[in-house]
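Asker: predicted structure and sequence below. I'll ask about it afterward.
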Amino acid sequence: MIGFESENQVAAAFGRERIKAVRDVIHLYYLTILAPFAGFAWIYRDQTVTKVVGAILVFAVVLRFRHWSSPPVAGESEDVNPVAARVTGAMVVLLSTAQAAFYISIGLFEAEQSPGDLGWGPILALGMLAALIQGAALTGIIFASRVIFFCFVLPMVLTLLYLFVGVNLPASIAVVFLTAVGLLLSEASHRIQLRLFKAQYDADQALIGMEKTHLKLINARRQAQHQAETDSLTGVRSRFAFIRDVEAQLTEGQTGLLAVIDLDRFKPINDLYGHHAGDVVLRHVARRLKRALPSGTIVGRLGGDEFGLFRGGITHADGIAELVAQCDEALVQIRRPMRLSSALVSIGGSAGARVLGSDAVDVGRALRDADAALYVAKREGLEATKLFDDVIRDESEWLHTIEAELMRVDAVDEMSLVYQPILNLRTGELASFEALARWCHPTHGEISPALFIPAAERLGRITDITLGMLEKALAFAADWDLPCRLSFNLSAAHICCEDAARNIVELIERCHFPSHRLQFEITETAMLVNFEVARANVEILREAGCRMVLDDFGAGFASLVYLREISFDKVKIDGSLIRGARVQQGRDMLRGVIQMINSMKLESVAEFIECRADYETALELGAEFGQGFYLGSPIDELGARELLERHREPQSEKIRSLVNRPFEGPDHDGIDEFDHSRPYSMTRKG
């Protein structure tokens, strides 16, 4: 009725606001009713209309006194309550009609009492003035102002015209004109106020929208900051936040221990049980690290299965040893079995650490140093914390030098190949040569393959090196007599490239090399990197006619899965099983492995045969082929040609005469000088 029921949201809001504004001046509205009435009621108190209208006004004042003198009750004011709005509208109609009846009755009474006299003029004039003031008081409420005009002003004007038109026609016309102007001004005033209110309303809505948007931006910024600072999977600090927190503590003058932990045996869990299981393991590790380390230790996930730790507050040398011990204890906690939904698994971990002081605020460099110590710990097979020192620094600098040299375009041209024979243990025949990469740098001399091959993998140069070395090997092996084959290692990083196999097949076809005389060796480590891509590449190479060899079988626990999922032609038994067969329990294990390989109709190669006892054990337990320093060390192309010329001679009784490398001692002499760690089988055999 008054506006709050309007379909126009702005008009409804304007009506509510005007009702609230009118409530502040409502007492003036009643005053404009009572004051002029009282002035005439005293004189015309005997008139019936005076008594009736007076009673109505008293009733209205009494009824509405509390309403406009007290604060509105929630939910009962006119701006929100339709019933209250209708009551207010009815009161305006009642009061306007009553006043019009009073002034018109009194005016007509005076006109009858004194014909031709203008005694009725002041009465109607005061009534008109009261009507105009009341209309001004309620002009914001368009319904109320219209009620006052039609129920109060218009009857008064008609009465004036009735009494005054015969006396003064121009004045009567002026009254009509002014009345019409007053109505138009009232309507125009309402529209102007509505437009102003709409502008203010739109501005307020825009401001509210801006505030909401600002609030959303603040929340989004906080959420983004939280996501940036917290690893969503484990709940520990992210790499960015970890580095920032460590830098903050260093700038405060604290000295501490920065450690990097890398998990072992984590990738097989992902492959065997799925990524969800891997996520569960990472959450377990994060919780155990936080529980195992003292309060105040910063724990962060640096990426993948790598975590970072920083513990400040070192004041003496003993404190460093204590923090290293705490880090070792955390590694012990990590090794405890973890319960998954369908299995019980266990992992390990190694750590590299570096002492940081306030003078070493380059946390990025400190992380690289800790990574270098971690690399040494893994190479040495330590499931403990390795502290960065000068020796590791020198080794790390040497590794950086190698990496810089590898990035040269002509680095591959400086590399060459040596060939290690693989013999038939029963007949002594030369079965194949395994090509192994060597790098004789013109300035730095011989560089170990155990260093430059993983460095090439990190730098993305392994593909160039592999294809370059394979081309050299194919050129050398092109005129070999049958049945000698060329065996070539493919690194894990290379076999897991999408187009690796296609590039190799194109090279074989370009070199016109018989693919059936070529066999590629891959380790189960390659499967751990990307099983599906590796399997697809193996199938492409097999379809091209190449033979596939699973290298280092027995070095990990997942080999059986790969033998079942991928078609191999040959299996090379890891040297750890050969060395372990020097005791009875190891012999039984090696026998079982060889029998399993034979039952799968696969050829078996015993690696790392380093003494006569190893050779006799492998032969007795059923291995078909053998490789190792006892049977032949890696030799250059000239030595390989000489060996090829002699390979047809039966050598089963004096198999060691196949090689021209002398051995001192008849049995185990010289074994311990060999490096058995063999972290990269592509490049070195024993």
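Answerer: Structure's in. What do you need? Numbers count the residues shown, from 1 in each chain.

Asker: biggest strand in this protein, by residue count?
Answerer: Longest strand of the chain, by residue count under DSSP state E: strand 430-441.

Asker: list the buried ones in the helix or strand that it is followed by?
Answerer: Using DSSP states H and E, the helix or strand that follows strand 430-441 towards the C-terminus is strand 445-447. Within strand 445-447, the residues that qualify as buried are Ile447, counting by 16 or more other C-beta atoms under 10 Å. No exception for glycine: its C-beta is placed from N, CA and C like everyone else's.

Asker: tell me what strand 445-447 is packed against?
Answerer: For strand 445-447, the packing partners by 3 or more C-beta pairs under 8 Å, 6 or more residues apart in numbering; DSSP states H and E come out as strand 430-441.

Asker: other SSEs contacting the strand it packs on?
Answerer: Strand 430-441 is packed against strand 415-424, strand 445-447, helix 449-459, helix 462-477, strand 485-489, helix 637-646, with contacts defined by 3+ C-beta pairs under 8 Å, 6+ apart.

Asker: just to revisit the earlier point, which positions in the longest strand of the chain come out as buried?
Answerer: For strand 430-441, a neighbour-count test (16+ other C-beta under 10 Å) marks Leu430, Ala431, Ser432, Phe433, Glu434, Ala435, Leu436, Ala437, Arg438, Trp439 as buried.

Asker: what about the strands in the stretch 301-450 of the chain?
Answerer: 306-312, 338-339, 344-345, 348-356, 385-387, 415-424, 430-441, 445-447 (DSSP state E, counting those that start in this stretch).

Asker: wait, what's in contact with Arg587?
Answerer: Applying C-beta atoms under 8 Å, 6 or more residues apart in numbering, we find Arg587 in contact with Ala581, Thr617, Leu621.

Asker: what is the nearest of those residues to Ala292?
Answerer: Ala581 (38.9 Å; C-beta to C-beta).

Asker: isn't the closest one right up against Gly622?
Answerer: No: judged on C-beta atoms under 8 Å, Ala581 makes no contact with Gly622 at a distance of 12.0 Å.

Asker: these two: which has the busier surroundings?
Answerer: The residue with more neighbours, out of Ala581 and Gly622, is Ala581; 25 against 16, by other C-beta atoms under 10 Å.

Asker: from Glu624, how far off is the more buried one?
Answerer: 16 Å (C-beta to C-beta, to the nearest Å).

Asker: ok, now which ones touch Glu471?
Answerer: By C-beta under 8 Å, 6+ apart, the contact set of Glu471 is Leu507, Cys511.

Asker: what's the pLDDT at it?
Answerer: At Glu471, the model reports a pLDDT of 95.

Asker: separation between it and Ala411?
Answerer: Between Glu471 and Ala411 the distance is 15 Å, computed by C-beta to C-beta.

Asker: now do Ile495
Answerer: Using C-beta to C-beta, we find Ile495 at a distance of 22 Å from Ala411.

Asker: between the two, which one's more packed in?
Answerer: Legend: neighbour count by other C-beta under 10 Å for Ile495 and Ala411, higher for Ile495 (28 against 20).

Asker: without its sequence neighbours, what residue ends up closest to the more buried one?
Answerer: With sequence-adjacent residues excluded and distances taken as C-beta to C-beta, 6 or more residues apart in numbering, Ile495 is closest to Ala526, at 4.7 Å.

Asker: got the buried residues for the host helix or strand of the one you found?
Answerer: Secondary structure from DSSP H and E places Ala526 in helix 524-529. By neighbour count with 16+ other C-beta under 10 Å, helix 524-529 contains the buried residues Glu524, Thr525, Ala526, Met527, Leu528.

Asker: next one: stretch 220-239
Answerer: Neighbour counts over stretch 220-239 (16+ other C-beta under 10 Å) mark Thr230, Asp231, Thr234, Val236, Arg237, Ser238, Arg239 as buried.

Asker: next one: stretch 153-163
Answerer: Neighbour counts over stretch 153-163 (16+ other C-beta under 10 Å) mark Val153, Pro155, Met156, Val157, Thr159, Leu160, Leu161, Leu163 as buried.

Asker: now those residues as TSV including secondary structure, pLDDT and distance to Gln99?
Answerer: Formatted as TSV, the buried residues of stretch 153-163 follow (DSSP: H, G, I helix; E, B strand; the rest coil; pLDDT from 0 to 100; distance: C-beta to C-beta, whole Å):
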residue	secondary structure	pLDDT	distance to Gln99
Val153	helix	82	10
Pro155	helix	87	10
Met156	helix	83	9
Val157	helix	82	14
Thr159	helix	82	13
Leu160	helix	78	15
Leu161	helix	79	19
Leu163	helix	78	18
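
Asker: closest to Leu643 among these?
Answerer: Ranked by distance to Leu643 (C-beta to C-beta), those are led by Val153 at 127.1 Å.
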